[in-house]
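Engineer: Make a model of this:
(2 chains)
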Amino acid sequence: MSTQLAQTARPLRSPATEPQRAPLRAVPLRTVRKSRPKIAYAITTIAAVSGIVVAQLLSSVALSQGAYELSDLRAQHHDLSLKQQSLTEQIEVLSSPQYIAESAQALGMVINQSPVYIRLSDGTVLGQPGPGGEPTERPLADNQVGNSLVDQLGPIGSKKESKEKDSSATPPADDPSQGAEDSSGAGESSSNPPPSQVIFENDLPSPKTH
Amino acid sequence: MQHTNRISRRRAFVAVICVLGVFAAFVIRLIDIQVVNAAQLQAEASTKTSGELVVYGERGEILDANGEVLAGSVKRYDLSVAPVNVNAFTRTADDGSTSKVSVEQAASEIGAIIGVSGKDILDIVSDALDKDGNSLYARIAKSVDVDQYRAIDALDIPWLYAKQHPARFYPNGAIAGNLIGFVGSDQEPLAGIERYMNSCLKSQNGTQAYQRGKDGVAIPGSMETTQPAENGAAVKLTIDADLQWYAQQRLAEQVEATKGTWGIVTVMEAKTGKLKAVAEYPSVDPTDVSASNPEDRGARAFTTPFPPGSTFKTLLAASLIDAGLADPTTQVVADGWYYPSNGAEIKDSFPHGPMNLTLTGVLAESSNTGISQLGERMSAEDRYAYLQKFGVGEKSAVGFPGESSGVLHPWQKWDNQTFYATMFGQGLTSTSIQDVSAYQALANGGVRLPAQLVEGCVQPDGTVTNVPSSTGTRVVSENAADLTVQMLESVPTEGHFGTTLQIPGYRVAAKSGTAQQGDGSGGLKSTYIVSMTGMAPAENPEYVVSVTIADPTTIRSSAAAAPTFQQVLTQVLKSYDVPPSTEPAPNWPTRF
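Structural biologist: Below you'll find the model as predicted:
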C-alpha cells in the first residue's frame, strides 16, 4: 500500500515536467476487451487439469474394479483346479488294475492263458489256442491286492460315482443276470456272422480289416 | 516496573520450558517410533496391510515304466473351528435371500460331509470350551479330500476354518507298495523309494507376499513372489504296474492256498537287468499303512536273504561247463545217499537207488548226491570265485534301503559239510534279487547286468538324472550259459512237475529249489522255503522269473511255487508280445 502511495505521489514532486505530458484520457474500451481471451486460457487449463483428475479417478476405479474381477477369476480358477484335481484322483483310482480286473470279472471276462500268434509272413499259427470262450487256467480269485481307495468306492457298480455322474458311464454290472445276458448275447451275435477269413494277396497274408 | 519485568521474564521462561518439554516429548516419541520400535511396528503394520502365502511345492511323482502314477501329490485340508465363536449365524444364499443357521444344523451339515454325526462335532466344541472358555482352536477333521473341502466351503460357516496341506496319493494301493514305501503325516519319507529317492522327489515350499485393502483383496500389482516354490522331480521305475498287480494277485492266491507265510515273485528283463515286477505277499497299501504288520512293510525281495536251495545247482553246472570240467552229458551214478571221504553226509530229498544220470539229469532230478560228486571236480576256491561273479554275497546294484548282501562265507571257512552244501544252495543265503540276477547272467549269454529298479530321476524339464549303470560283467562263456539254459529245459519236461511248468508253444527253462532253513536255535525248521526260477523262451531268453514261497504246508516242496511261476511267466510273455518258440529243444539226455 505504501509503495502504491509513493508511486502515485511521485509525479507531484516534479510539477515542472507536467506540461510535456499528454493529457490523460480514458483507456479505450477495445484494449480492455482485448485482454478478455486470457480467461479462456485459464478455463482451458482448469478444464484440462480437472479432466486429468477425473480420468485418473476413473482409471483407478477401473483398475480397482479389475482387481475385484481378477480376484473373482482367481477364485474361479482355484475352484476349477480343485475340481480338476478331484476328477484326476477319481480317474487314477478307477484306472487302477484292481478296479479294472474286478469290473472285467463282474462282466464275465476271463484271462486267456494261451497266447497265440499268427505269423504274417507265412500265416502260421504259433502257440496252442485254448478252447474258445473258456478260461484255460483257473480264474482270478477275489482281489488280493489291497487298495483302500478302491474299497472306498464300494462294490463295483453301486458306487458313489454313479450318484455323482451320468449313470450310463458305469459298467452294467449292477445286476449280475443283466451282465450274463449281455455276454451270452454278445457270444451269439459274434457266432452268427461268418468268421473273418485271412485273405492271401501276393503270398503275403494279411487279415482284411475295415 | 522492574517487578512486572521479572514476572514477564519468568512467564516467558516457563513458556519456553513448556514448549521445549512438549518438543522433547515429540522427539522422544518420534525416536521411539522411528528407531527403537521401528521394526516391530513395521511388522505389525504389515500384518494389517499385507499378507503372506505359503506356496507349496509338489513332491515328485513315482511312475511305473509306462508312466502310470504309483504315487502322486494332492491337496488335503485340515478342518478346525474357533469354539468360542461357535454360534448361530445368518447365511446369504446366491440369490441374496438370507436364512438363520443354528449351531446344531451347521454341525450336522459338516458331519454329513465328513462322515461323522453332528453330535460328534458338537462334542469336540464343548470339550474344547470345557478346557478353556476362550478356546480359539479345536480340530474337527484331518486330511479331508478336495470334494469334501469344496462342499464344506460352500456351507459358508464363519467359524469353520480349513487349512490346506499337501499329501501323498497312492491310486494303485498295494501294487508295488513294498517298493514305493510311504511317507509320514508330515510328508517325511519313511520307507522304500519314497525314502531312497527322496533327494529327487522332495520339493521346496515358497512364499508370496502382497499388500491388501481393508476387505482383504490384494491390491493390484502388489503380489510378489518372495521365495519361489520348487516342485520335486519324478522318479521313474522299471516296474510295470499291470504286471506287478498280476504277479501280486497270483502270488497272494498261491501263498494263501498253500498256507505259506510269505512269498516273492521277481521278474527281470534278461537283456537289460531291469526289474519289471517285484511282487510280495503280504504287501503294504501305502494309503493305509497301519493295516499291515510292521514286518510286512518292507521289501523282502531286497532285505530278507534265505537259503536258495537247489536253484543254485544251476550256477555250479554253468561254472563246471565254463571251466571245461563237465558238459550236459557228463555221467554220474547218483544214489540216495553219498558219503564223501571228508566225512560229510549228502542225502537226496526223495529215497531212491542208484540212478545213471547225466549232468542234465542231475538238474532234472535235482539230485544232491549227483551234483556233489560232479562239484568235487572244482576247487572250493574256484567255486567261490564263480559264486561271487554270479553276484552272491554282494548287494545288488539297486542299493535299496536296508538291502541285504546275503551271507557267503569265504571258502577257507567252509567246513566239510558246507563244502558240499554250497553246491546245492545250502550253507549260504541270498536275496530273491540276487537269485534272479544270477539267472539273468545265464539268460543273457553269460553276461550279468546290474539289477535296475529305477530308470532315473525325471526333472521337470524332461532331463533324466540318476540313470543307473548298465555295464555288465562276464560270468561264464556264452556257450556255457546257453548249454546250461538248454539243460534247464529238462526240468519242465522231465522233472517232477508234470505239465505245471509248461507253456504251450514256448520253450521254458526252470529250476526248482526246496531249501531247509534254520529254526534260529541250531535245528532245522519242519517247513521249507520253496522256489522256482527260470526263463523263456529258452532259445533266446527274454525274461527271467523267480517265485519264492516260505513255509508252505499244504504242499511242502517246490511244487507249491510251480503254478505261480507258470502263470506269471505266461503273463509276461503275453504282455510283452514275446513270439512263441520256433526251434525244437535240443533235449539233452538225462540218463545213460
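Engineer: which non-adjacent residue is nearest the residue of chain B found nearest chain A?
Structural biologist: Among residues of chain B, the one nearest chain A by Cβ to the nearest Cβ turns out to be residue B:173. It sits 2.5 Å away. Glycine gets a C-beta too; all of them are placed from N, C-alpha and C. When the adjacent residues along the chain are set aside, residue B:173 lies closest to residue A:147, with 2.5 Å between them (Cβ to Cβ, 6 or more residues apart in numbering or on different chains).
Engineer: Spit out the contact partners of the one you found.
Structural biologist: Residues counted as contacts of residue A:147 (Cβ atoms under 8 Å, 6 or more residues apart in numbering or on different chains) are A:93, A:96, A:98-99, B:172-175, B:285, B:287.
Engineer: can you check residue B:78 too?
Structural biologist: Neighbouring residues of residue B:78 by Cβ under 8 Å, 6+ apart: B:139, B:141-144, B:162-163, B:165.
Engineer: Mind checking which of the residues you listed land in helices?
Structural biologist: Of the contacts of residue B:78, none are assigned to helices by DSSP state H.
Engineer: Show the buried residues in the residues you listed.
Structural biologist: Burial by neighbour count, judged by 16 or more other Cβ atoms under 10 Å in any protein chain shown, picks out B:141, B:144, B:162 from these.
Engineer: Now these in TSV, please, with extra columns for distance to chain A and pLDDT.
Structural biologist: Below are the buried ones among the contacts of residue B:78 laid out as TSV (distance: Cβ to the nearest Cβ, whole Å; pLDDT from 0 to 100):
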residue	distance to chain A	pLDDT
B:141	16	89
B:144	12	90
B:162	11	88
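Engineer: Of those, just say which sits nearest to residue B:241.
Structural biologist: Relative to residue B:241, the closest of those is residue B:144; by Cβ to Cβ it sits at 27.5 Å.
Engineer: so where's the chain shaky on pLDDT?
Structural biologist: Reading this off chain A. Confidence mapping of chain A against pLDDT under 70 gives the ranges A:1-21, A:28-37, A:127-128, A:130-141, A:154-210.
Engineer: Chain B is the one I meant
Structural biologist: B:1-2, B:215-218, B:220-221.
Engineer: now do 50
Structural biologist: Across chain B, not a single residue meets the criterion (pLDDT under 50).
Engineer: domains of it?
Structural biologist: According to the domain assignment given by automatic domain parsing, chain B is divided into the following structural domains: B:83-158, B:241-575.
Engineer: which of those domains sits most buried?
Structural biologist: Compared across these, domain B:241-575 shows the largest average neighbour count, a mean of 21 (mean count of other Cβ atoms under 10 Å in any protein chain shown).
Engineer: how far does that domain sit from the chain's center?
Structural biologist: Domain B:241-575 has its C-alpha centroid displaced from the chain centroid by 22 Å (Cα atoms, centre = their mean, to the nearest Å).
Engineer: next one: stretch B:162-173
Structural biologist: In this view, stretch B:162-173 has its centroid 17 Å away from the chain centroid, taken as Cα atoms, centre = their mean.
Engineer: got the buried residues for it?
Structural biologist: For stretch B:162-173, burial by neighbour count (16+ other Cβ under 10 Å) applies to B:162, B:166-173.
Engineer: Mark which of those residues are part of strands, please.
Structural biologist: B:162, B:166-169 (DSSP state E).
Engineer: got a list of what the residue nearest to residue B:337 when sequence neighbours are not counted touches?
Structural biologist: If you skip the residues right next to it in sequence, residue B:337 has residue B:347 as its closest partner in space, 5.5 Å away by Cβ to Cβ, 6+ apart. For residue B:347, the contact set (Cβ under 8 Å, 6+ apart) comprises B:336-338, B:368-369.
Engineer: Moving C-terminal from the helix ranked longest in chain B, which element do we reach first?
Structural biologist: Here the longest helix in chain B is taken by residue count, with DSSP H as the criterion, and it is helix B:2-31. Using DSSP states H and E, the helix or strand that follows helix B:2-31 in sequence is helix B:38-49.
Engineer: Pick out the most distant pair among the buried residues of stretch B:162-173.
Structural biologist: Greatest spatial distance in the buried residues of stretch B:162-173: B:162 and B:172, 27.9 Å, computed using Cβ to Cβ.
Engineer: For the stretch 451-592 of chain B, what lies in contact range of chain A?
Structural biologist: The stretch 451-592 of chain B has residues B:504-506, B:567, B:570, B:573-574, B:579-580, B:582 near chain A, with proximity defined as Cβ under 8 Å from any Cβ of the partner chain.
Engineer: For residue B:473, give me its contacts.
Structural biologist: The contact partners of residue B:473, taken as Cβ under 8 Å, 6+ apart, are B:389, B:447-448.
Engineer: Just confirm yes or no for stretch B:294-303 near chain A.
Structural biologist: No. Contact between stretch B:294-303 and chain A, assessed by Cβ under 8 Å from any Cβ, is absent, since the two come no nearer than 11.2 Å.
Engineer: quick revisit: so which of the contacts of residue B:473 belong to helices?
Structural biologist: residue B:389.
Engineer: List the contacts of residue B:138.
Structural biologist: Taking Cβ under 8 Å, 6+ apart as the contact definition, residue B:138 lies against B:80-83, B:124-125, B:127-128.
Engineer: 7 Å - rerun?
Structural biologist: Contacts for residue B:138 were tallied using Cβ atoms under 7 Å, 6 or more residues apart in numbering or on different chains; they are B:80-81, B:83, B:124-125, B:128.
Engineer: Restricted to helices, list the residues you listed.
Structural biologist: Using DSSP H, the contacts of residue B:138 in helices are B:124-125, B:128.
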